[in-house]
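Chemist: predicted structure and sequence below. I'll ask about it afterward.
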Amino acid sequence: MNEFLLTLIKAFIVGGALCAIAQIFIDKTALTPARILVAYVTVGVILTAVGLYEPLVKFAGCGATVPLTGFGYTLAKGVEKGVRQNGLIGALTGGLTGAAGGIAAAISFGYFFAVIFKGRPKN
Amino acid sequence: MKKIMTFANAPIITVGASVVGKKEHEGPLGSTFDIHDDTCEFGMSTWEGSETEMQRMALQTALAKAKLTADDIDCVFAGDLMNQCTGASYGMKSFASRYFGLYGACSTFAEGLILSSMAVSCGFSALSAVVTSSHFCSAERQFRFPIEYGCQRTPTSQWTVTGSGAVIIGSNGDGPRIVDALPGRITDKGITDVNNMGAAMAPAAIDTLNLYFTESNTSPRDYDLILTGDLGREGHSVLREFMRSDGYDIENNSNDCGMMIFSASAQDVHSGGSGCGCCATVFSSYILPRLVKKELNNILLIATGALMSPDRLKQGDSIPGIAHLVHIVS
Amino acid sequence: MNTDSKTYQAYAKAHAKRSPMARDIVRAFWVGGLICVIGELLKLLYSSLTIPEDLIKILIPVTLIFIAGLLTGIGVFDNIAKYAGAGTLVPITGFANSMIATAMDTKSEGMIMGVGAKMFIVAGPVIVYGTVASLIYGVILWIAERV
């Protein structure tokens, strides 16, 4: 049980820190949320490529995979698998294959929730 | 030649009406507005449709108050924030009056007052109407993000007013008169922060006010109220500072419709309200009745507009500002 | 006014009230951290259901996307995001919210040219840059393995 608690704490700290860094960029610079997210995904791919992100995932679990850098990690891991299995074609297909679950979920839930719900004015 | 337009036959603001949404109705001026809808939908299925309906209701209410029909109105000067000014063009569809569609961002109401005064004063129109509107949801969709998108606003950002105001301007009758006006000129000091439109618009207001005081040979003390459109707390504070350094103290007799329509402490609107509906509703339902009751006798209304385009901002351009001034006496 | 543009821009920037950064960071940290903890709890739940690890890896983001979508639909997500800032933006929940909010918002322009076409207006760049970055990495990897 103690070990599980430690896992949660590690996820909390790493995930929280990744969000806090983004918050500093939002408050300190004129970066729009879209630019922050693009930067996070790209950085995630790069850090995975140079072998720095995998250890973070091993250490923090969802603390590293749930933030959008983790989306980049999923894409990069997918590409590694693709290239190993299918060569150069795998470089093309591997990334989206790895991230297919998340993207398809966002698209389909987006579609169905759009059918069900309507936006309302904020208070 | 002087840039101030002095109207030989000062047009009369005979009546005003306003329609607002929930947040505006909950604000400090809530009870003064004629119509409100807590759903902000006004019976329509799209936000663009709701804004259109607000314009129609605002003019309809003004006509009813003045015991007039649409046929009595020669010209309508209407505008809003949406692309192609559809709030105005669709909203005015059911009225047979001659139609002028205006875009001056949040300054549109004063732009309409000036143009209608020109038409009435020159005898081209016996009765004209000015209608402008903005809707929080249609403006968010067009200028910012989807309505349910989660994001934080900076303290200088402004909240688009859901509302429409209409006034009827005539050559005869009783009521406050538009004695002169000073149309603004485009002023761009290179502000690119869409969340600080107050700072983008303030230079235009400073420019217009300075020229007005110089040409009319008056000073702020000569007026009961110097009312800006929607500079918000941020822009209004910039305006006060610069006016002071130009030798005009407006600390005690100036206010801003964007600061008046919402409560700074109770409503989460950051720098204040904005949009064509802000100045239009505050003027039509709060300021105009006070002029009629002679609680106010001599005021300057300076509606400012941030002539902002999301596409031009993405292309690296800045936000031009404009400020139109109207001088009204009771 | 005689102030030139550069001076005015600097003045406006200095004059503008700023967001309280320390407060923002604390909020982003704890909400973002909590979302990641929820991910770990989902992992525990799915493991106890003897779902294979490979599928759990997919199921965690899918579940979080579903929750974020539902909260967006019932109009709660934007209120949380207003408080949490990057705390909800950076986790996969922010990506989900941007797609689902856009889809809901563009329904009035029709299910095809509205929802179908415009769903990606905010989230599209993430997919584009993620895909391009992964492709470049894949090509480099492929070349590196052959040198």
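Modeler: Noted; the coordinates are in hand.
Chemist: from residue C:87, how far out is the residue of chain C found nearest chain B?
Modeler: Residue of chain C nearest chain B, by CB to the nearest CB: residue C:81 (2.4 Å). All C-beta spots, glycine's among them, are computed from the backbone N, C-alpha and C. According to CB to CB, to the nearest Å, residue C:81 and residue C:87 sit 8 Å apart.
Chemist: so which residues of chain C form helices?
Modeler: With helices called from DSSP state H, chain C shows them at C:5-15, C:21-48, C:53-73, C:77-84, C:86-89, C:92-105, C:117-118, C:124-146.
Chemist: could you dump the ones you listed to CSV with mean pLDDT?
Modeler: Listed next are these as CSV, based on pLDDT from 0 to 100:
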stretch, mean pLDDT
helix C:5-15, 94
helix C:21-48, 96
helix C:53-73, 95
helix C:77-84, 95
helix C:86-89, 96
helix C:92-105, 94
helix C:117-118, 92
helix C:124-146, 95
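Chemist: can you lay out those as TSV showing mean neighbour count and distance to residue A:53?
Modeler: Formatted as TSV, the helices of chain C follow (neighbours: other CB atoms under 10 Å in any protein chain shown; distance: least, CB to CB, whole Å):
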stretch	mean neighbour count	distance to residue A:53
helix C:5-15	15	36
helix C:21-48	20	15
helix C:53-73	20	15
helix C:77-84	20	24
helix C:86-89	30	19
helix C:92-105	30	16
helix C:117-118	15	32
helix C:124-146	18	12
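Chemist: looking at those, spot the one closest to residue B:140.
Modeler: helix C:92-105 (8.6 Å; CB to CB).
Chemist: please go through chain A and pick out the longest helix.
Modeler: Chain A, longest helix under DSSP H: helix A:88-116.
Chemist: quick one: is that helix near chain B?
Modeler: No: on the criterion CB under 8 Å from any CB of the partner chain, helix A:88-116 is out of touch with chain B, staying 9.6 Å away.
Chemist: now the angle from that helix to helix C:124-146?
Modeler: 160 degrees (axes from the mean of the first three to the mean of the last three CA atoms, to 10 degrees).
Chemist: name the element whatever residue of the stretch 201-330 of chain B ends up closest to chain C belongs to?
Modeler: Closest residue of the stretch 201-330 of chain B to chain C, CB to the nearest CB: residue B:206 (4.7 Å). Using DSSP states H and E, residue B:206 falls within helix B:197-216.
Chemist: mind listing what's buried along that helix?
Modeler: Within helix B:197-216, the residues scored as buried using 16 or more other CB atoms under 10 Å in any protein chain shown are B:197-213, B:216.
Chemist: is it up against chain A anywhere?
Modeler: No: interface with chain A: helix B:197-216 contributes nothing (CB under 8 Å from any CB), its closest point being 13.7 Å away.
Chemist: tell me the helices and strands packed up against that helix.
Modeler: strand B:177-182, helix B:232-245, strand B:298-306, strand B:321-329, helix C:5-15 (3 or more CB pairs under 8 Å, 6 or more residues apart in numbering or on different chains; DSSP states H and E).
Chemist: rebuild the ones you listed as TSV, extending it with distance to residue B:140.
Modeler: Listed next are the helices and strands packed on helix B:197-216 as TSV, based on distance: least, CB to CB, whole Å:
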stretch	distance to residue B:140
strand B:177-182	32
helix B:232-245	17
strand B:298-306	15
strand B:321-329	21
helix C:5-15	24
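Chemist: for these, which one sits closest to chain A?
Modeler: helix C:5-15 (10.0 Å).
Chemist: and residue 65, what does it touch?
Modeler: Assuming you mean chain A. A:57, A:73, A:74, C:39, C:57, C:60, C:61 (CB atoms under 8 Å, 6 or more residues apart in numbering or on different chains).
Chemist: wrong one, I was asking about chain C
Modeler: Residue C:65 neighbours (CB under 8 Å, 6+ apart): A:102, A:105, A:106, A:109, C:92, C:93, C:95, C:96.
Chemist: the last one is in contact with residue C:70, isn't it?
Modeler: No: with contact taken as CB atoms under 8 Å, residue C:96 and residue C:70 are classed as non-touching, separated by 9.8 Å.
Chemist: contacting residues for the residue in chain B positioned nearest to chain A?
Modeler: Residue of chain B nearest chain A, by CB to the nearest CB: residue B:147 (3.6 Å). Shown in contact with residue B:147 (CB under 8 Å, 6+ apart): A:119, A:120, A:121, A:122, B:137, B:140, B:141, C:78, C:101, C:104, C:105.
Chemist: now the residue nearest to it when sequence neighbours are not counted: phi and psi?
Modeler: Distance criterion CB to CB, 6 or more residues apart in numbering or on different chains; nearest residue to residue B:147, sequence neighbours excluded, is residue A:119 at 3.6 Å. The phi/psi pair for residue A:119 (degrees, to the nearest 10) reads phi -70, psi 150.
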